[in-house]
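Participant: my questions concern the predicted model and sequence given below.
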Amino acid sequence: MARVSFTIDGRSVEAEAGENLLKVAHENGIGIPSLCWMEKLTPSSSCRMCLVKIEGQRAVAAACATAVQEGMAVTAFDEELEDYRRTTLELILSEHNYDCGVCQKNGECELQDLAFRYDLGADQPKRSTVASIWKKTPMPVDRSSPVLTYDATRCIRCGRCIASCDEIQGKQVIDFVHRGSRSFVSPEMGMWSRSSCDGCGECVQACPTAGLTEKPLVERFRSFEVERRVRTTCVYCGVGCQLDLWVKGDRIVRVRGAEAEPNRGRLCVKGRFGYQFVDHSERLVKPLIRKDGELVEAEWDEALDLVARRLGDIKAGFGPSALAGLASAKCTNEENYLFQKFVRAVLGTNSVDHCARLCHAPTVAGLGRAFGSGAMTNSIPELADADCILVTGCNVTETHPVTSTYIKNAVRKGAKLIVIDPRRIDLVPKASLWLRQKPGSDVAWINGLIRVMIEEDLVDRAFIAARTEGFEELERLVASYTPERVEELSGIPAEKLREAARIYATSERSAIVYAMGITQHVTGTDNVLALANLAMAAGQIGRPSTGVNPLRGQNNVQGACDMGALPDVYPGYQRVDRPESAEKFRAAWGVERLSPDPGLTVNEILKGASEGGIKGLYVMGENPMLSDPNLQHVEEALKALDFLVVQDIFLSETARLADVVLPAASFAEKEGTFTNSGRSVLRVRAAVPAPGQARADWAIIAELSTRMGYPMKYGSASEIMVEAAALTPIYGGISHARLERETLHWPCPAPDHPGTLFLHGAKFSRGKGAFHPVDWIPPAELPDEAYPFVLSTGRMLYHYHTATMTRRSVPLNAFAPGAYAEISSDDLAELGGEDGCKLRVSSRRGSIEIPARASPRVARGTVFIPFHYAEAPANMLTNDALDPVSKIPEFKVAACAIEVVK
Ligand code: SF4
Ligand code: SF4
């Protein structure tokens, strides 16, 4: 873009041609006032405060809606413009409840700032020539939302909230109602609690006054009482949103979305309002030791000595293979690095795993084989620039809310959205095509798409020839997947399948987005391989805004995998059975020997416990008693252990069964890094002190290790990262010091490497991309006469994983207080029930009672249950049949029976 030069009040200014005049003025320190403008929104020019004169133009112009041009001469300040602005401000203030003393925004209000600037301070009504009318115009105050209050008497009708909800979050929940001085902002249905508002709070963050305010969550505060604002990373999902935690005393009083990658200020309801758990009264504050069957408080020395002795005894008595550890996708990279080091170097086994086994193990296995790297190929914000996005097996608005905003932004710009999902998820109304497949038919429809692309000559032959291998074999296999056969297998109409193939293959930049609807099957790895085949066949990979993008579930599940919290690989996916890797780590860690045998996975560890082979288990921040399939079996397994130690922030369902419980610090109380779904390594920073005697997980591991005769003397998390980076080539150039200055995506092999935004640009990580022909096979358990429904489980917006944190955050619980089963109203009527009635849902493994929610989202013959609720644990019902390659259980398909409880 060409540079232009022009003048503002006689001062020479340079900018890109076409840039926004108000933005350029601000960047050059010229404070043209404005109330309605935000850089990331389409200018509305509604407040009229930024009017300027431009030489040669008859009328004044709004600076926020003016593009800069070569040679223009702008007058930003003269007596006439300032008089005009003062009068405009007086008019705005006349309609405004100007009682600043009791206003929550006192001290951080843009209107108050301008009132002071134009000498219209607290005595404004006396000074102003315009009569104050706000008291005479009855205006509503809506307190019905769990997270925000709308006060029309303090709203200045700038429209920033409306545009933020629409343009940034893609939700269109709110708009102006009425006209003139009686107009105000209203959600659909006239009330926040009755609207589709999901509480993301984007509108609150955009509001320049106290029109929209957060409900005071932990205590009232005024902005000038806030002692520090600490930039950190959200602890919930794998988007990795950057947050500013506002701290007063030792309490977090507010969370704001940071203007940084990957979220650019955006947050979802959990990130913005789900932090009350941090200082919840049920936090663990002292170690607990089981005595006479009860968990009782103990001192650290006693607890750590006991853990060291018991683990040591088991190792001495039964050998290292009787021990195992579960690391945590909630903990930092540094903690996961240290945990797997402890299990390998001190306990002497590779049996370390974590919940990635339950979500994206097939991604690691499948994309690793196809591309050489089992991670999201592109970064999250790139989705906003895609021309076609194929979303499958992923209810992204609920599971990865901020990622969904980028998808909606792309659709707003004209991208085609294809949703392929058994449920009518919330993205469907925005989609060009929604294909509802039968659960467990994914390989069939993906092969069908490739077959159509071959038949219609839509495959990218040049890309296939230059960049891949094995296409001929795939071509032979998919030949039998005619759209008509695929229709029989998947239920997707043949014509719709053809249409989807054409859109995906012919768009300039097509991205695939998937999650656990693809991976949690006995064919999870096959499903992932099939998607990789699809992207390579169309040449839709290795460029910006394309690729195969698995949305990782937990905040640091990517990092926990990268750091080697897996039984077959050291940090950086270096295989434990490769002698060079084993020697490298053995030498670096200074131990005599490391086991060359891959260890056990989560499921195998639990199986081993119930069969007696595993006797001691160290669990850091995981809760298998709610997250794993077939819970009855999990409980039996944990109870069969000789020794269970659990390190956590709350007494979780799993911790209740432990012999020793160690109190850990939460994300807001420690330093480190998380790696988000898009491979971006992000800083985690301590904002408040840990409660009681709780300690950072890394400090606990180091202390335990030292007591077991292998001293770990780290002074800080950053020291641990130095060691981890030196041994992990994809993290080789990453350090806390660099992350203070820049955003880095791995691979980042050296301190001077800029990181890698999208993978497989010039070549695949494995050299040539490998096609893997995969044939469709049915799910492990299909409905029959005794169990006629298909049960699927998953996440919902307001709770996270086993809900230990979200259920201790009042606003999140207010939105989603209890368990439910989504079922079609036709099925419900046939069963003799109605919305809200109690159902008994049973599978071959167990039975739960749960309220029914009649929902148009699910197809007939299927039922969906979120797995977060301990009182109705969906995983009591799920099938623990495993994908043979990745060992993920088939959470997404289980046969069940449903009856109405009278
Ligand atoms: S909280 Fe979010 S969804 Fe609700 S109105 Fe505001 S921006 Fe829209
Ligand atoms: S989208 Fe994910 S990372 Fe972002 S605020 Fe929500 S839960 Fe946190």
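Facilitator: In hand now; what should we look at? Ligands and ions are numbered 1, 2, ... in the order given.
Participant: against Pro663, how distant is the closest residue to Lys639 other than its chain neighbours?
Facilitator: Nearest non-adjacent residue to Lys639, counting by CB to CB, 6 or more residues apart in numbering: Leu657, 6.4 Å away. (C-beta placed from N, C-alpha, C; glycine too.) From Leu657 across to Pro663, the span is 17 Å (CB to CB, to the nearest Å).
Participant: more neighbours, these two?
Facilitator: Taking neighbours as other CB atoms under 10 Å, Leu657 and Pro663 compare with Pro663 leading, 26 against 20.
Participant: quick one: contacts for the more buried one?
Facilitator: Counting by CB atoms under 8 Å, 6 or more residues apart in numbering, Pro663 touches Arg283, Leu284, Val285, Lys286, Pro287, Gln647, Asp648, Ile649, Gly692, Gln693, Ala694, Arg695.
Participant: same question, Ala852
Facilitator: Here Ala852 is in contact with Tyr820, Ala821, Ile823, Leu828, Gly833, Glu834, Asp835, Gly836, Cys837, Lys838, Leu839, Val900 (CB under 8 Å, 6+ apart).
Participant: let me know the pLDDT of it.
Facilitator: Looking at Ala852, its pLDDT reads 96.
Participant: in strands, which of the contacts of Pro663 fall?
Facilitator: Among the contacts of Pro663, DSSP state E puts Gln647, Asp648 in strands.
Participant: from the contacts of Pro663, which single one is nearest ligand 2?
Facilitator: Ranked by distance to ligand 2 (CB to the nearest ligand atom), those are led by Ile649 at 17.1 Å.
Participant: closest point of the stretch 601-750 of the chain to ligand 2, which residue?
Facilitator: Closest point on the stretch 601-750 of the chain to ligand 2, by CB to the nearest ligand atom, is Asn676, at 7.7 Å.
Participant: do I have it right that the residue nearest to Lys639 meets Leu644?
Facilitator: Yes. Counting by CB atoms under 8 Å, Leu657 does reach Leu644; the two are 6.2 Å apart.
Participant: lowest average confidence, helix or strand, in the protein?
Facilitator: When each helix and strand of the chain is scored by mean pLDDT, DSSP states H and E, helix 124-127 comes last, with a mean of 56.
Participant: remind me what the following helix or strand past that one packs against, helices and strands.
Facilitator: Per DSSP states H and E, the first helix or strand lying C-terminal to helix 124-127 is strand 141-142. Contacts defined by 3 or more CB pairs under 8 Å, 6 or more residues apart in numbering; DSSP states H and E place strand 141-142 against strand 148-151.
Participant: could you look up the next helix or strand downstream of the strand it packs on?
Facilitator: Next element after strand 148-151 (DSSP H and E): helix 160-163.
Participant: and that following helix, what's buried?
Facilitator: Arg160, Cys161, Ile162, Ala163 (16 or more other CB atoms under 10 Å).
Participant: cool, stretch 505-517 as well?
Facilitator: Result for stretch 505-517 [16+ other CB under 10 Å]: buried residues Ala505, Ser507, Arg509, Ser510, Ala511, Ile512, Val513, Tyr514, Ala515, Met516, Gly517.
Participant: relative to ligand 2, which of those residues is nearest.
Facilitator: Among the buried residues of stretch 505-517, and counting by CB to the nearest ligand atom, the member closest to ligand 2 is Ala515, at 12.7 Å.
Participant: around ligand 1, which positions in the protein sit nearby?
Facilitator: 164-165, 169, 171, 173-174, 187, 197-203 (CB under 6 Å from any ligand atom).
Participant: can you redo those as CSV with pLDDT?
Facilitator: Below are these laid out as CSV (pLDDT from 0 to 100):
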residue, pLDDT
Ser164, 98
Cys165, 97
Gln169, 97
Lys171, 94
Val173, 96
Ile174, 97
Pro187, 95
Cys197, 96
Asp198, 96
Gly199, 96
Cys200, 97
Gly201, 96
Glu202, 97
Cys203, 97
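Participant: can you redo those residues as CSV with secondary structure and neighbour count?
Facilitator: Shown next, in CSV, are those (DSSP: H, G, I helix; E, B strand; the rest coil; neighbours: other CB atoms under 10 Å):
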residue, secondary structure, neighbour count
Ser164, helix, 26
Cys165, helix, 22
Gln169, coil, 24
Lys171, coil, 22
Val173, coil, 21
Ile174, strand, 23
Pro187, strand, 22
Cys197, coil, 25
Asp198, coil, 19
Gly199, coil, 22
Cys200, coil, 29
Gly201, coil, 27
Glu202, helix, 27
Cys203, helix, 26
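Participant: between the residues you listed, which sits nearest Ala210?
Facilitator: Taking CB to CB as the measure, Cys203 is the one of the residues of the chain next to ligand 1 closest to Ala210, at 12.9 Å.
Participant: so the closest one versus ligand 2, what's the distance?
Facilitator: Distance, Cys203 to ligand 2, using CB to the nearest ligand atom, to the nearest Å: 15 Å.
Participant: and the spatially closest residue to that residue that is not a sequence neighbour, what does it touch?
Facilitator: Distance criterion CB to CB, 6+ apart; nearest residue to Cys203, sequence neighbours excluded, is Cys161 at 3.5 Å. Contacts of Cys161 were listed using CB under 8 Å, 6+ apart, and they are Ile174, Val185, Cys203, Val204, Ala206, Cys207, Gly211, Leu212.
Participant: again, only this time at 7 Å
Facilitator: Ile174, Val185, Cys203, Ala206, Cys207, Leu212 (CB atoms under 7 Å, 6 or more residues apart in numbering).
Participant: ok, now Glu259?
Facilitator: Per CB under 7 Å, 6+ apart, neighbours of Glu259: Gly265.
Participant: ok, 10 Å please
Facilitator: If you count contacts by CB atoms under 10 Å, 6 or more residues apart in numbering, Glu259 has them with Glu39, Lys40, Gln242, Asp244, Gly265, Arg266.
Participant: Gly794 too?
Facilitator: 393-395, 398-399, 423, 515-517, 520, 864-868, 874, 891-892.
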